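Student: I'd like to go over a predicted model; first the sequence, then the structure.
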Amino acid sequence: MSDQPAISVSGLRKAFGDNTVLDGIDISVPAGSVFALLGPNGSGKTTTVKILSTLAQPDSGEIRIAGLDPASDRDAICARIGLTGQFAAVDTLLTGRENLTMVARLRHLPKHQAHERVEKLLTDFDLVDAADRRVAEYSGGMTRRLDLAMTLVGEPSIIFLDEPTTGLDPRSRRTVWETVRGLVARGTTIFLTTQYLEEADHLADRIAVLDRGRIVAEGTAAELKQLVPGGHIRIGFADADDRERARRAFSSSVDGQEENSLAVPSGGGIGAIRDVLSTLDAAGIEATGISVHTPDLDDVFLTITGRSAATL
């Protein structure tokens, strides 16, 4: 990863009339990482992507994409980025191969290089068998894979994915996830907006929660989960006698969901597990199992924004 952030945003503001969509947000995305932006509908996620990908102008704020200023270096930035929006930007009257070839021509790739690039992308995205069928005949997952492949024709170093798996079945969604992981492994930077908290949890190195035009929380998935009470270490015992002895050793414990188990409030982490083991050892109690349970991102979202992730 480069020392210079791939994406740097400071004090970004955008309003439409009296409606302030972005109210001074700051973002920094290291090169070769995945940054996920979560937020309810209307929170400004798509507006942020449009501004960072040079499709819209901010009212104020400082932006650098690959170290470049969109106000003066738009063409250079466009040569370095790719964008996959919420709706697939494909021509359904053309075949998959024709769609990719069209983008290669728009990118002014030499004919031989364009052919090699198109064939490689068809292979990488498992579209070889459907390459010469009209996209109108593709499934939703195939169409989304083609859309992503078209984004990669120019080999961008930074890719913006605006809710890339919306409407896909679980299998197609996971295929997209594997594609994202592969891109990052090769050094590509991904800026992702998503309505699936599981998606952010699986893919993102860092996550920011955008609500009412402001970033209200940011961190790794683990760091965000620690913001919410409810984490605990669950301990299982061979019988009720061991459980009752342990209850006296852990004054803050409550009965677990399983028979002969206790839940000890904890923020998780190796230190907390070590403390539990030491307490059990000192009391001469043997546990049959220990597991750490933390709130999920849905809990985090509800706590921070005051609304369920279902409103995303």
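Tutor: Received the coordinates, thanks.
Student: and the helices in this structure?
Tutor: Using DSSP state H, the helices of the chain run over 45-52, 74-78, 96-106, 111-124, 140-151, 170-185, 197-203, 221-225, 240-249, 270-283, 297-305.
Student: residue 65 is nearest to which of these?
Tutor: Nearest of the helices of the chain to residue 65, taken as Cβ to Cβ: helix 74-78 at 4.8 Å. From N, CA and C alone the C-beta is placed, and that goes for glycine too.
Student: what's the domain layout of the chain?
Tutor: Structural domains annotated on the chain: 7-221, 232-294, as defined by automatic domain parsing.
Student: adding mean pLDDT and mean neighbour count, write those out as JSON lines.
Tutor: Output for those, formatted as JSON lines (pLDDT from 0 to 100; neighbours: other Cβ atoms under 10 Å):
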{"stretch": "domain 7-221", "mean pLDDT": "92", "mean neighbour count": "18"}
{"stretch": "domain 232-294", "mean pLDDT": "88", "mean neighbour count": "15"}
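Student: for residue 301, which of these is the nearest?
Tutor: Distances from residue 301 to each of these were compared by Cβ to Cβ, and the smallest falls on domain 7-221, at 6.4 Å.
Student: what would the helices of the chain look like in TSV with distance to residue 38?
Tutor: Conversion of the helices of the chain to TSV gives the following (distance: least, Cβ to Cβ, whole Å):
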stretch	distance to residue 38
helix 45-52	8
helix 74-78	25
helix 96-106	30
helix 111-124	28
helix 140-151	20
helix 170-185	16
helix 197-203	6
helix 221-225	9
helix 240-249	38
helix 270-283	27
helix 297-305	7
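Student: the domains of the chain: which one's closest to residue 302?
Tutor: Taking Cβ to Cβ as the criterion, residue 302 comes closest to domain 7-221 out of the domains of the chain, the separation being 10.3 Å.
Student: that closest one: end-to-end distance?
Tutor: As for domain 7-221, its first-to-last residue distance stands at 20 Å under the measure Cα to Cα, to the nearest Å.
Student: equivalent analysis for stretch 81-101, please.
Tutor: This stretch, stretch 81-101, spans 18 Å end to end (Cα to Cα).
Student: same check, this time on stretch 123-130
Tutor: Distance between the boundary residues of stretch 123-130 (Cα to Cα) amounts to 11 Å.
Student: nearest spatial neighbour of residue 10, skipping sequence neighbours?
Tutor: The shortest distance from residue 10 to any residue other than its chain neighbours is 4.5 Å, reached at residue 62 (Cβ to Cβ, 6 or more residues apart in numbering).
Student: hang on, isn't the one you found packed against residue 13?
Tutor: No: between residue 62 and residue 13 there is no contact, the gap being 10.9 Å when judged by Cβ atoms under 8 Å.
Student: the closest residue to residue 221 other than its chain neighbours and residue 182: what is the separation?
Tutor: Closest residue to residue 221 in three dimensions, ignoring its sequence neighbours and counting by Cβ to Cβ, 6+ apart: residue 201, at 4.9 Å. The spacing between residue 201 and residue 182, counted by Cβ to Cβ, to the nearest Å, is 19 Å.
Student: quick one: closest of the helices of the chain to residue 30.
Tutor: Nearest to residue 30 among the helices of the chain is helix 170-185 (11.1 Å), distances taken as Cβ to Cβ.
Student: CA atoms only for that closest one - export them in PDB, please.
Tutor: In PDB, the C-alpha atoms belonging to helix 170-185 read as follows (Å, rounded to 0.1, in the frame of the first residue of the first chain):
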ATOM      1  CA  PRO A 170     -27.000 -15.000  -2.300                       C
ATOM      2  CA  ARG A 171     -24.900 -17.100  -4.700                       C
ATOM      3  CA  SER A 172     -24.400 -14.200  -7.200                       C
ATOM      4  CA  ARG A 173     -23.700 -11.800  -4.300                       C
ATOM      5  CA  ARG A 174     -20.900 -14.100  -3.000                       C
ATOM      6  CA  THR A 175     -19.400 -14.300  -6.500                       C
ATOM      7  CA  VAL A 176     -19.200 -10.500  -6.600                       C
ATOM      8  CA  TRP A 177     -17.500 -10.600  -3.100                       C
ATOM      9  CA  GLU A 178     -14.900 -13.000  -4.500                       C
ATOM     10  CA  THR A 179     -14.300 -10.700  -7.400                       C
ATOM     11  CA  VAL A 180     -13.800  -7.700  -5.000                       C
ATOM     12  CA  ARG A 181     -11.300  -9.700  -2.900                       C
ATOM     13  CA  GLY A 182      -9.400 -10.700  -6.000                       C
ATOM     14  CA  LEU A 183      -9.200  -7.100  -7.100                       C
ATOM     15  CA  VAL A 184      -7.900  -5.900  -3.700                       C
ATOM     16  CA  ALA A 185      -5.300  -8.700  -3.600                       C
END
